[in-house]
Structure formats: structure tokens, C-alpha cells
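Participant: need coordinates for the following:
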Amino acid sequence: MGIFSRTRDIIAANVTDLLDRSEDPAKMVRMIILEMEETLVEVRASAARTIADQKEMRRAIIRAQQACSDWQDKAELALSKGREDLAKAALVEKNKARAFVDTTQAEVDVLNDSLALNEADIAKLEAKLREARTRQNALLNRIESATQRSKLREMIKGPRVDEAFARFDVLERRADMAEGRADALGLGGPPRSLADEFADLATDDEVSAELAAMKARLGKTEG
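Facilitator: Numbers count the residues shown, from 1 in each chain. Next up, the predicted model:
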């Protein structure tokens, strides 16, 4: 059984109130939209039948009006020939055709009123349908947002975050070790070449000679 039973129920309904009272608003809004779509199809089908009936009636009116004209001509012809009996019979048929025109036109007018009501109902149904679809989109966005927030909170509070930070600690320790090894290689200066060794020997000789000279001078002074 649908949420709504008649077109007027849908037009008069407050979608917001229905959703607020529902335990499952997302499911409720889907049901409302389906009911509105089905009702809208029915109202449009009814309007289409009304329009088709009007067209058929208008064609019948045109034929009856032509018949009125034809019977009028026949009545005049019969009367001109002295056939009053035929003239009366023709006028009777003319009056029948005229009555048909009047009756059918009245029915067309009634259908016009019905079609106007259908048109108004369609406009109201479409507005309600847009409202329901807007609420559906808003609900889906809220549900999706809440789901994402729940997943994020579970991730933050869960073991995966702790494991991730533990892996960061391991990587930082590895980086420290690599930097330590690089710094250790720089301790003591660069490796000495053969030329450096000979240069040191020459420097030692010069320092020794200078030292000996200083001793000699000091010895003389003391003597």
C-alpha cells in the first residue's frame, strides 16, 4: 500500500513531517518519490485521455454543424418544391443535429475544466516531487558524510594508526643510523697521501734543525 492513496493526499502532504516521523528517512523518501512518480504518470495519462476525448468531440461538433447546414438547405429546397412534409422532416433532423452540437459542446466545456484541474495537479505534483528529490539528495549527503566520519574515527582510534606511527619510528631510527655512519666517516679528517707523508718528514727536519739551533744558542748564553 502506498504512502499516498490519492493525488490530493500528495499535494496536501508535508514531506518534512513524514520524514521526521520516520525511523528510516532514506527509505521513506524513496517510497514517497516512487509514489509521486507513479501518481504523476497516472495524472498525465488521464490528461492525455481528456485531450483525446476533446479532439474527438470537436470533430463530431464540426460534423453536426455541417449537418445542420445541410438539413437547412434540404428544408428550404423541399419547401420551394411544395413538399412541406419533407421540409418539416429536414428541420427535425436539423434540430437533432443542433441539440447534439449543444450537448457535445457542454461536455467539451466540462472536459476543459477537468483538464485545467489536471494541469494544476501536475504542476503541484512536480513541485512536490522536486522537493522530495531535494530532500533525498540532502539525506544521502548527510548519510555519506556520517559514514565517512565514522570510518575516520574508527581509523584514528584503531590499531592501524598505532602501527603506522610504529613504522615511522623504525624509519626515523634507520635515518639516524645512516646519518651517524656518514658523520663517522668524517672523523679524523681525510686519508693521508704519500706526498703528505713526505711533507711531514720535511717539516720534522726543519723543526728539529730549528730546535737544535735554539739549544745551541741557549747553551752559549749559559756558558
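Participant: so residue 139 makes contact with residue 26?
Facilitator: Yes: the pair residue 139 / residue 26 is scored as a contact, 5.3 Å apart, by C-beta atoms under 8 Å. (Glycine included, C-beta is placed from N, CA and C.)
Participant: report how many residues lie close to residue 130.
Facilitator: For residue 130, the count of nearby residues is 11 (other C-beta atoms under 10 Å).
Participant: please apply the same query to residue 49.
Facilitator: Residue 49 has 12 neighbours, counted by other C-beta under 10 Å.
Participant: how much space separates it from residue 57?
Facilitator: Distance, residue 49 to residue 57, by C-beta to C-beta, to the nearest Å: 12 Å.
Participant: and residue 210, by the same measure?
Facilitator: From residue 210 to residue 57 the distance is 137 Å (C-beta to C-beta).
Participant: compare those two (neighbour count), which wins?
Facilitator: residue 57 (16 against 10).
Participant: that one contacts residue 104, doesn't it?
Facilitator: Yes: counting by C-beta under 8 Å, residue 57 does reach residue 104; the two are 5.2 Å apart.
Participant: against residue 140, how distant is residue 128?
Facilitator: Residue 128 is 19 Å from residue 140, by C-beta to C-beta.
Participant: no wait, residue 12
Facilitator: 26 Å.
Participant: same deal with residue 91?
Facilitator: For residue 91, the distance to residue 140 - C-beta to C-beta - is 72 Å.
Participant: per-residue confidence for the residue most central in space within the chain?
Facilitator: What sits nearest the mean C-alpha location of the chain, by C-alpha atoms, centre = their mean, is residue 137, with 6.4 Å. pLDDT, residue 137: 79.
Participant: relative to residue 210, how far out is residue 203?
Facilitator: With C-beta to C-beta as the criterion, residue 203 and residue 210 are 11 Å apart.
Participant: do residue 71 as well
Facilitator: 156 Å.
Participant: with residue 76 instead?
Facilitator: For residue 76, the distance to residue 210 (C-beta to C-beta) stands at 161 Å.
Participant: now do residue 130
Facilitator: Separation of residue 130 from residue 210 (C-beta to C-beta): 105 Å.
Participant: and residue 102, by the same measure?
Facilitator: Distance, residue 102 to residue 210, by C-beta to C-beta: 147 Å.
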